[in-house]
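Visitor: Okay, here's the prediction I keep looking at, along with the sequence it came from:
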2 protein chains.
Amino acid sequence: MEKRRADTIAEQLEELIFDGTYADGDRLDEVRLAEQFGVSRTPLREAFQRLALSGLLELIPRRGAFVRQPGPVELLEMFEVMAELEAVCGRLAALRISDAALAELRDANEHCQQAVAARDVDAYYSENERFHRIIYQQSGNSFLAQEAAKLHKRLQPYRRQQLRFRGRMGQSMSEHEQIVRALEAGDAEAATDALRNHVAVQGEKFHQLMATLKNAAE
Amino acid sequence: MEKRRADTIAEQLEELIFDGTYADGDRLDEVRLAEQFGVSRTPLREAFQRLALSGLLELIPRRGAFVRQPGPVELLEMFEVMAELEAVCGRLAALRISDAALAELRDANEHCQQAVAARDVDAYYSENERFHRIIYQQSGNSFLAQEAAKLHKRLQPYRRQQLRFRGRMGQSMSEHEQIVRALEAGDAEAATDALRNHVAVQGEKFHQLMATLKNAAE
DNA sequence: CGAGCTATTATTGTATACAAACCTGTTGAC
DNA sequence: GTCAACAGGTTTGTATACAATAATAGCTCG
């Protein structure tokens, strides 16, 4: 499936918003961005619409497009929903997961461990994403998997920051072990709790997230 | 907040897709619809994008916009997710709900009962929606409430059809009673189960939903 | 000197014009 | 006779031109 210009522009803009090039409340200038990307305003506006629907931009009629970074409250809310979605995926996956998927899960986990040993945050991050994505898919509900992946992606930058905190990778690993064991055993309740706990922002993770937000604001 | 043309067009198209004017797989002709709405292709294409993002259309590059009605499998998946979202809302609301909201909930329920007595499907439907929306909001998580409301709206037409089945309104009512009792008692687990059961498509409801789909196809 | 109004400017929303890709029907070759 | 290639028309994607609305600055009046 080929892409149109508007697609790639949307992706690039998304990147620019995620990495903090544009801060919350900034207005995106159509004409400036258009010549920057070397296109006309039309595909740019299409990209705006797409980003607005996914929540990254707010389109105020006759005023323009404003970047809309979630504040602390909204972010906690999103993490809470993410935790619940993962918990549901885990519960369903515990009943529906295939042996092949379990093997893949273990494989992803081993790669995670290697990344931890090598202190390679990037590698850990990508294998971690693979780990979770497998669980989404093994829920046996592709609509659920899609929604979970969508929110996962949206929280990506914040999650990534959190992995940089001391000891987090190690703790996360042992939580993964727990999750795999619950899924292997087909224990829906244990999988639910393990995944919810793994994702939920509570205790020390709360302060880490707040610290991340303060850094991002600078 | 005023609307632009594209907004009203998106709403009207949404309506036309929901009410079955356009069937699954139909291609929407830009020029024909443009002159039909009395606008140019530009705002129409904006509307297309919006509907594509919410899943009602599939935009195939260089091919056009095709309406994409969910099939039986996808529909069951969506209802499963809806059930889980409602269950989560219920669990959180059991802990966080205010007395005022409980009173509103009881009020909505009474109106529901009156509608059942009067065999007024439309009234029942609108009060039912109000009932659920209150629970979403009382989860104390506005992001969750928003997502739940979004999916609720998307499933609206199918839910509505189901209410027409014999005895469904009465059963639904007694389930509502159970939900309110659980929330009053602050019993998170009971609220979770009651709401999940209320929304889940299983048993007779499955056949009813399939029958609805067959009718819609004609 | 300040406040309010007006005119100008800038920016968004919409229409139209143009370009590129796709579908289809016909023609020609094997 | 069938398949493939090409031409014409159709349709989408993008650019540009135009219109309408909001921001701004300057001017006038109190």
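Guide: Okay, I see it.
Visitor: Next SSE downstream of the longest helix anywhere in chain A?
Guide: Of all segments of type helix in chain A, defined using DSSP state H, the longest is helix A:72-96. On the C-terminal side of helix A:72-96, the nearest following helix or strand under DSSP states H and E is helix A:99-117.
Visitor: neighbours around residue A:62, how many?
Guide: 6 (other CB atoms under 10 Å in any protein chain shown). For every residue, glycine as well, the C-beta is placed using N, CA and C.
Visitor: Let me know the pLDDT of it.
Guide: Residue-level confidence at residue A:62 comes out at 92, pLDDT.
Visitor: which residue ranges form the strands in chain A?
Guide: Per DSSP state E, chain A has strands spanning A:27-28, A:57-60, A:64-67. These are given in chain order.
Visitor: wait, which of the ones you listed is closest to residue B:201?
Guide: Residue B:201 lies closest to strand A:57-60 among those, at 35.3 Å (CB to CB).
Visitor: Which neighbouring elements make contact with the closest one?
Guide: Taking 3 or more CB pairs under 8 Å, 6 or more residues apart in numbering or on different chains; DSSP states H and E as contact, the helices and strands that strand A:57-60 lies on are helix A:41-53, strand A:64-67.
Visitor: Any part of it near DNA strand C?
Guide: Yes - Strand A:57-60 lies within reach of DNA strand C by CB under 7 Å from any atom of the strand, at residue A:59.
Visitor: Could you spell out the sheet neighbours of that strand, each with its direction?
Guide: Based on DSSP bridges, the pairing partners of strand A:57-60 within the sheet are strand A:64-67 (antiparallel).
Visitor: Buried residues, the strand it pairs with. List them.
Guide: Taking 16 or more other CB atoms under 10 Å in any protein chain shown as the neighbour-count basis, strand A:64-67 is seen to contain the buried residues A:65-67.
Visitor: just stretch A:169-178 next, same as before
Guide: By neighbour count, and taking 16+ other CB under 10 Å as the criterion, the buried residues in stretch A:169-178 are A:169, A:172-173, A:176, A:178.
Visitor: For those, name the two members farthest from one another.
Guide: Pairwise distances across the buried residues of stretch A:169-178 peak at 15.3 Å for A:169 and A:178 (criterion: CB to CB).
Visitor: What residues does the nearest residue to residue A:76 once chain neighbours are set aside make contact with?
Guide: Closest residue to residue A:76 in three dimensions, ignoring its sequence neighbours and counting by CB to CB, 6 or more residues apart in numbering or on different chains: residue A:201, at 6.0 Å. Taking CB atoms under 8 Å, 6 or more residues apart in numbering or on different chains, we find residue A:201 in contact with A:76, A:79-80, A:83, A:209.
Visitor: quick one: which two of the residues you listed are the most distant?
Guide: Taking CB to CB as the measure, the contacts of residue A:201 span a maximum distance of 12.9 Å, between A:83 and A:209.
Visitor: For chain B, see how far away the most far-flung residue of chain A relative to its centre is.
Guide: With CA atoms, centre = their mean as the measure, chain A has its most outlying C-alpha, relative to the mean C-alpha position, at residue A:62: 31.8 Å. Between residue A:62 and chain B the computed distance is 8 Å (CB to the nearest CB, to the nearest Å).
Visitor: Tell me how far that residue lies from DNA strand D.
Guide: Relative to DNA strand D, residue A:62 is positioned 4 Å away (CB to the nearest atom of the strand, to the nearest Å).
Visitor: just residue A:111 next, same as before
Guide: For residue A:111, the distance to DNA strand D - CB to the nearest atom of the strand - is 38 Å.
Visitor: Grab the nearest non-local neighbour of that residue.
Guide: That would be residue A:127: by CB to CB, 6+ apart, it lies 4.3 Å from residue A:111.
Visitor: can you count the residues close to the one you found?
Guide: 22.
Visitor: dump the residue contacts of it.
Guide: Under the criterion of CB under 8 Å, 6+ apart, the contact list for residue A:127 reads A:108-109, A:111-112, A:115.
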